[in-house]
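K.L.:
Have a look at this prediction, sequence included:
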Amino acid sequence: MKRILLYSCSLIVILSSCSSKEQKPVAIENTTPKVSADGSSIAFPTASQADFFATETIGSSSLTSGMIAPAKVSATVTTSQEGAAQNIVLFENPDLSTSYTALLQSLVSIQQKNAVIQQKKAIIEKKKIEVDRFKDLAAHGAGTGKDVADAQVDLMSAETDLTVTQSEIVNAKTAITEYESKLKTGGFNPLELRRAAPGTAYIVCDIPESELSRIKEGSECSIVFTSFPNEKFTGKIDDIADMIDATTRMVKLRIILNNATGKFKAGMFATVYFGISEGTQISVSKNSLVTVQAKNYVFVKKSPTEFIRKEVNAGSQVGERFIVYNGVQNGDSVAIKGVMQLKGLSFGY
């Protein structure tokens, strides 16, 4: 009984002493960021909070974008087995083959007719001399008017023959213009075809009009054929067509490829890969860019605790990055992590 009383007294003393001590308030850390300047400025209470939003330092760099286009082997060049001066061009499109053959025939015809014209001009000069001679003989009583008339008829006949041949040349040149137009529409330069070396393959593909300024003649591209999916070949942009399809707004691109082994056949399908230089540009990660009401923004870290919203003029996407034309500058630290949270703080949602 004494033990119980003693224990009870001790407990009362302890409780009394505890209740008599003054309790200190616990400090609560402020974690609420301060948003000001109509959402353009976001300031965090501590640097450690701001560090959650990882950044990258941007700067100008050389960018190369990729573009692919379906393609087809439209023509191959081989040597004539009969020893002809002109190489054989095998077209995938029979209409182009017909146009090219007719073009060559017209060129040969013009060449032959030009030689004939020189002969006819020489004959006309002789006929003129004969007319003058018969006129002189008739004037001195050694010839008749009939001789003069016959000589004049012969001269007129020779001149008519010359006019007919000249008209045939004009018609042949008109036809050549039509053939050349068909070949160019198909993506071929007629003169280059005639000069093409045996063992050459021509690949034609279509690219959008909007990409035309980024494609340069003479630059290289990679080609993968459906027939050889595990191999990659290198071609060169040989020519860009002179016209754009009015309906599709596409322009034909001709690529030249070495075909000395005869591996590539007219009509083969392929895919062309272009590496297009965008030049030296400032760019930001695609994770940095946010779009609100058709305007693009990034968040730039201005101090250890503050981010500033910047409106930017963004260009095309190159891989994982967007070209930026203004709004930021070299050396800016742009947020690449937690950007959606910054967007919500900045715009209030």
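P.N.:
Looks like it came in fine. Numbers count the residues shown, from 1 in each chain.
K.L.:
contacts, neighbours, all on C-alpha from now
P.N.:
Fine.
K.L.:
Tell me which stretches of this protein form helices.
P.N.:
Secondary structure of the chain by DSSP state H: the helices cover 2-19, 47-50, 94-139, 145-185, 190-195, 339-347.
K.L.:
count of neighbours near residue 52?
P.N.:
11 (other C-alpha atoms under 10 Å).
K.L.:
That should have said residue 338, apologies.
P.N.:
Each residue near residue 338 was counted by other C-alpha under 10 Å, and the total is 14.
K.L.:
Residue 38 too?
P.N.:
If you count neighbours by other C-alpha under 10 Å, residue 38 ends up with 10.
K.L.:
I figured residue 321 hits residue 284, correct?
P.N.:
Yes. Taking contacts as C-alpha atoms under 8 Å, residue 321 lies within contact range of residue 284: 5.5 Å.
K.L.:
of those two, who's got more company?
P.N.:
For residue 321 versus residue 284, the count of surrounding residues by other C-alpha under 10 Å is larger for residue 284: 24 against 19.
K.L.:
mind checking how far the more buried one is from residue 341?
P.N.:
Between residue 284 and residue 341 the computed distance is 18 Å (C-alpha to C-alpha, to the nearest Å).
K.L.:
just residue 119 next, same as before
P.N.:
Applying C-alpha to C-alpha, the value for residue 119 to residue 341 is 89 Å.
K.L.:
Check residue 70 too.
P.N.:
41 Å.
K.L.:
can you list the domain ranges for the protein.
P.N.:
For the chain, automatic domain parsing gives the domain ranges 34-63+280-347, 68-72+195-278, 94-185.
K.L.:
Include distance to residue 86 and mean pLDDT when you put those domains into TSV, please.
P.N.:
TSV is the format used below for these (distance: least, C-alpha to C-alpha, whole Å; pLDDT from 0 to 100):
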stretch	distance to residue 86	mean pLDDT
domain 34-63+280-347	44	93
domain 68-72+195-278	9	90
domain 94-185	9	92
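K.L.:
Could you list the buried residues of stretch 122-139?
P.N.:
Buried residues in stretch 122-139, counted by 16 or more other C-alpha atoms under 10 Å: 123, 124, 127, 130, 131, 133, 134, 135, 137, 138.
K.L.:
nope, stretch 329-346 is what I was after
P.N.:
332, 333, 334, 335, 336, 337, 339, 342, 343, 345, 346.
K.L.:
Those: which two are farthest apart?
P.N.:
Greatest spacing in the buried residues of stretch 329-346, by C-alpha to C-alpha: 332 and 345 (20.7 Å).
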